[in-house]
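[1] Give me the fold of what follows.
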Amino acid sequence: MLTPTAIAEKIIVMEGWRANLLAVAAGAASALALAPFHLWPILFFTMPIFVWLLDGAVAPSASRGLRRFWPAFRTGFNFGFGYFLAGLWWIGQAFLVEADEFAFLLPVAVIGLPILLALFWGVGAAFSRLAWRDGWSRLLAFACAITLAELARGHVWTGFPWNLPGYALMPSPLMMQSVGLVGAYGMTLVTLFITASPAIFAPGDGVRKRRVRAVLASALVLLVAHAGYGAWALSRATDDVVANVKLRLVQPNIDQREKWKPENAGPIFRSYLELSNTNAGPQANGANAFTHIIWPESAFPFILSEQQQALGAIRNTIGPNTTLISGAMRRESGDAIFNSALVINGEAQIVAARDKTQLVPFGEFLPAQSFLESMGFQQLTKQQGGFAQGLTRAPVSLPGAPAFLPLICYEVVYSGPLNAGEERPGWIVNLTNDAWFGNTSGPYQHAHQTRVRGVEQGIPIVRVANSGITFVSDAWGRIDKQLPFGARAVLDSDLPVAAAATPFSRNGNFPIALFVCILFFALVVLRALNTNRLQ
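    I've put the predicted structure just below:
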């Protein structure tokens with residue numbers, strides 16, 4: 001019978017293609033911990049494999065300079081490549097929407113992006129060697145180094161903080177509440193340490209029963225405290241809703257292949273009006289029964305402000321006492337086009353607009369836009385010159401309702417300050433169009449991270465997606481009802497009240513980043529002192 005220590009020994013001494021293949025496979029299996037599968041216990045097998053492979057990732061004694069870190073970098077890169085390949089393969093689906101023009105870029109999306117993101121984990125794994133030593137401290141070094149790599153991945157260039165490992169340990173509201181204390185990066189640190197704890201069974205450590213018990217007990221205490229805090233927070237949650245606010249969320253499920261054909265503009269627009277005016281029961285007799293109607297990202301296949309007839313149709317549909325919130329393209333003076341959220345009152349006047357500040361590379365803009373366009377390349381949206389980037393993010397004040405903050409598409413996956421000002425919104429409106437990705441893992445991952453963002457801030461989320469998943473979640477991440485992916489329907493809902501500001505919403509990512517840096521530095525010093533003592 002193989003003991004954990006015997007398994008660890010076999011993995012530690014593994015070399016060559018076998019070690020590389022195991023790292024990729026373990027990384028890929030780790031993606032099962034994320035939405036839509038939420039098989040988070042698998043990390044108790046894959047993360048120890050990662051640590052044991054790093055135990056064996058030691059350069060020859062004659063190696064100097066950066067070559068000393070190459071084996072660890074290679075291990076981290078391979079594991080990260082498997083993780084991001086299995087977790088993000090669905091992005092390639094967007095390049096098949098107009099396959100005749102973009103299919104040739106499919107390998108770049110499916111293989112190139114995971115390679116780029118895996119570089120962060122490679123650097124993180126190499127960095128961990130600065131504090132690596134036998135025993136429990138290497139588990140902390142591992143968790144700190146990969147967390148720092150994830151902080152870098154979420155901020156370098158435009159940042160791409162999708163699928164942080166911390167989301168794995170937040171599959172339900174019970175296990176989401178801790179994110180309001182430490183944020184998604186803090187949960188990443190906790191998740192990595194807890195799930196890597198079985199790596200303490202490595203040879204040498206595994207025979208020291210007291211050390212093994214101490215590490216496993218620490219991980220268990222953290223996990224129980226995480227769930228226990230969630231139970232306590234939910235016991236204090238309320239079901240209060242904002243008085244006199246009635247929402248109607250419209251999910252039209254428009255095929256992305258048909259959306260931008262000029263001949264479909266009229267039928268698509270009429271479908272929004274018809275859904276908005278749907279008689280959904282005795283208490284909802286059409287659009288004017290609601291205070292707010294919300295349409296998804298880029299709902300209009302035209303520039304709304306330039307279509308007076310369309311504005312008139314909106315006025316005739318929603319009535320004088322209803323406000324429409326919708327995603328739309330917005331043109332400023334000149335040729336600048338923004339991906340925006342518009343607020344339209346009952347007189348069909350555009351009373352507020354907020355522009356998307358986090359644009360999707362290769363989807364909404366190209367790096368070196370002018371040069372690549374001159375070479376014949378274009379982003380998926382085929383907007384000449386790319387979309388212009390919004391410069392500020394601020395809540396929108398509404399009559400008869402709390403101020404809301406629009407977050408367009410994947411802006412909502414960024415953990416940190418919500419807006420530049422001091423005003424705290426009463427709700428977040430996430431407008432998105434996940435139809436690009438079909439019924440793959442992508443829309444489910446996006447929806448899950450959106451819920452977590454609301455809990456992180458203590459603010460309800462109103463999410464409206466073209467093809468789904470559309471829902472209203474309260475400040476504790478609870479969803480009463482939602483529209484499944486692929487449904488053409490409306491969702492009528494009250495607006496939950498916001499909770500008190502969470503510690504994370506007040507402090508942001510700085511405290512956890514500082515804590516991780518200090519902890520890692522202490523582990524480096526501890527290793528140096530131990531090395532000097534041995535010498």
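
[2] Okay, and R248 sits in which element?
    Applying DSSP states H and E as the criterion places R248 in strand 241-251.

[3] Going by neighbour count, list what's buried in the helix or strand following that strand.
    Using DSSP H and E, the helix or strand that follows strand 241-251 in sequence is helix 256-259. Residues 256, 259 are the ones in helix 256-259 that count as buried (16 or more other CB atoms under 10 Å). Backbone N, C-alpha and C define where each C-beta goes, glycine included.

[4] Any stretches of the stretch 201-350 of the chain with poor pLDDT?
    205-207, 280-285 (pLDDT under 70).

[5] Repeat the analysis, applying 50 as the threshold.
    Applying pLDDT under 50 to the stretch 201-350 of the chain flags no residue at all.

[6] repeat for the stretch 401-535 of the chain
    535.

[7] residue ranges of the helices in it, please?
    441-457, 503-507, 510-534 (DSSP state H, counting those that start in this stretch).

[8] ranking the ones you listed by burial, who's on top?
    helix 441-457 (a mean of 24; mean count of other CB atoms under 10 Å).

[9] so S397 sits in a strand?
    Yes. Counting by DSSP: H, G, I helix; E, B strand; the rest coil, S397 falls inside a strand.

[10] Against I459, how distant is the residue lying closest to it once chain neighbours are set aside?
    Closest residue to S397 apart from its sequence neighbours, by CB to CB, 6 or more residues apart in numbering: A403 at 4.8 Å. Applying CB to CB, to the nearest Å, the value for A403 to I459 is 11 Å.

[11] Between the two, which contacts overlap?
    Contact criterion CB atoms under 8 Å, 6 or more residues apart in numbering; residues shared by A403 and I459: 425-426.

[12] which of those two has more neighbours?
    Just comparing A403 and I459: by other CB atoms under 10 Å the higher neighbour count belongs to I459, 27 against 14.

[13] what sits against the more buried one?
    Neighbour list for I459: 418, 424-428, 475, 498-499, 505 [criterion: CB under 8 Å, 6+ apart].

[14] nearest to G486, of the residues you listed?
    I428 (24.1 Å; CB to CB).

[15] and the closest one, bridged to which residues?
    L405, I461 (DSSP bridges).

[16] Pull the number of nearby residues for it.
    Neighbours of I428 using other CB under 10 Å come to 24.

[17] Let me know the distance separating it from I518.
    With CB to CB as the criterion, I428 and I518 are 32 Å apart.

[18] just P198 next, same as before
    In terms of CB to CB, P198 sits 26 Å off from I518.

[19] my read: the residue nearest to S397 touches E423, true?
    Yes. In this structure A403 lies within contact range of E423 using CB atoms under 8 Å: 6.3 Å.

[20] Overlap in contacts, these two.
    Common neighbours of A403 and E423 (criterion: CB under 8 Å, 6+ apart): P395.

[21] for the stretch 251-400 of the chain, what spans make up the helices?
    256-259, 265-276, 308-318, 369-374.

[22] need the ones you listed in TSV with distance to A522, can you?
    Shown next, in TSV, are those (distance: least, CB to CB, whole Å):
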stretch	distance to A522
helix 256-259	50
helix 265-276	57
helix 308-318	59
helix 369-374	45
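
[23] quick one: which of those helices is nearest H155?
    Closest to H155 of these, according to CB to CB: helix 369-374, at 21.8 Å.

[24] and that closest one, what's its mean pLDDT?
    Helix 369-374 comes out with an average pLDDT of 59.

[25] and what of stretch 158-168?
    Rounded mean pLDDT across stretch 158-168 is 95.

[26] and the end-to-end length of it?
    24 Å (CA to CA, to the nearest Å).

[27] Show me which residues of it are buried.
    By neighbour count on 16+ other CB under 10 Å, the buried set for stretch 158-168 is 160-168.

[28] next one: stretch 193-212 to chain centre, how far?
    In terms of CA atoms, centre = their mean, to the nearest Å, the centre of stretch 193-212 is set 32 Å apart from its chain centre.

[29] what about it, how long is it end to end?
    14 Å.

[30] For that stretch, which outside residues touch it?
    Residues external to stretch 193-212 that are found in contact with it (CB under 8 Å, 6+ apart): 3-5, 7-9, 12, 40, 43-48, 50-52, 55, 134-136, 138-140, 142-143, 168-169, 215-216, 218-219, 222-223.

[31] filter these to the buried ones?
    By neighbour count, with 16+ other CB under 10 Å, those hold 5, 7-9, 12, 40, 43-44, 46-48, 50-52, 55, 136, 138-140, 142-143, 168-169, 215, 218-219, 222-223 as buried.

[32] Buried residues of the longest helix along the chain, list them for me.
    Looking across the chain with DSSP state H, the single longest helix is helix 209-235. Buried positions in helix 209-235, judged by neighbour count with 16+ other CB under 10 Å: 211-212, 215, 218-219, 222-223, 226-227, 229-230, 233.

[33] and if you look at stretch 113-130?
    113-114, 117-130.

[34] Out of these, which is nearest to L32?
    P114 (15.9 Å).

[35] Pull the contacting residues for that closest one.
    80-81, 84-85, 88 are the contacts of P114 under CB under 8 Å, 6+ apart.

[36] Can you pull the phi and psi angles for it?
    Backbone dihedrals for P114, given as degrees, to the nearest 10, come out at phi -60, psi -40.

[37] Restricted to helices, list the buried residues of stretch 113-130.
    Those of the buried residues of stretch 113-130 mapping onto helices are 113-114, 117-128, per DSSP H.

[38] What is the burial count for the closest residue to R463 other than its chain neighbours?
    Sequence neighbours aside, N430 is the residue nearest to R463 in space, at 4.4 Å (criterion: CB to CB, 6+ apart). Counted with other CB under 10 Å, the neighbours of N430 add up to 31.

[39] Return the residues in contact with N430.
    N430 neighbours (CB under 8 Å, 6+ apart): 406-408, 412, 450, 461-464.

[40] one more time with 6 Å, if that's ok
    407, 412, 450, 463 (CB atoms under 6 Å, 6 or more residues apart in numbering).

[41] G458 now?
    Counting by CB under 6 Å, 6+ apart, G458 has contacts 180, 475, 499, 501-502.

[42] Could you pick out the buried ones from the residues you listed?
    Among those, the ones that count as buried by 16+ other CB under 10 Å are 180, 475, 499, 502.

[43] Could you dump these into CSV and include distance to G486?
    Listed next are the buried ones among the contacts of G458 as CSV, based on distance: CB to CB, whole Å:
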residue, distance to G486
G180, 32
A475, 28
A499, 32
T502, 34
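
[44] Let's see which of these end up in strands.
    Counting by DSSP state E, no part of the buried ones among the contacts of G458 is found in strands.

[45] Please identify which of the residues you listed is nearest to N264.
    Closest to N264, out of all of the buried ones among the contacts of G458 and judged by CB to CB, is A475, at 38.6 Å.

[46] now, the most widely separated pair of the contacts of G458?
    It's A475 and A501 that sit farthest apart of those, by CB to CB, at 10.3 Å.

[47] What mean pLDDT does stretch 112-127 get?
    Throughout stretch 112-127, pLDDT has a mean value of 96.

[48] Can I get that stretch in CSV, CA atoms only?
    Provided in CSV are the C-alpha atoms of stretch 112-127 (Å, rounded to 0.1, in the frame of the first residue of the first chain):
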residue,chain,number,x,y,z
GLY,A,112,-1.1,31.6,-26.5
LEU,A,113,-3.0,33.2,-23.7
PRO,A,114,-2.4,30.2,-21.3
ILE,A,115,1.3,30.4,-22.2
LEU,A,116,1.4,34.2,-21.4
LEU,A,117,-0.5,33.7,-18.1
ALA,A,118,1.6,30.7,-17.1
LEU,A,119,4.7,32.9,-17.1
PHE,A,120,3.4,34.6,-13.9
TRP,A,121,3.1,31.2,-12.2
GLY,A,122,6.6,30.3,-13.5
VAL,A,123,8.1,33.4,-12.0
GLY,A,124,6.1,32.8,-8.8
ALA,A,125,7.4,29.3,-8.4
ALA,A,126,11.0,30.4,-9.1
PHE,A,127,10.5,33.2,-6.5
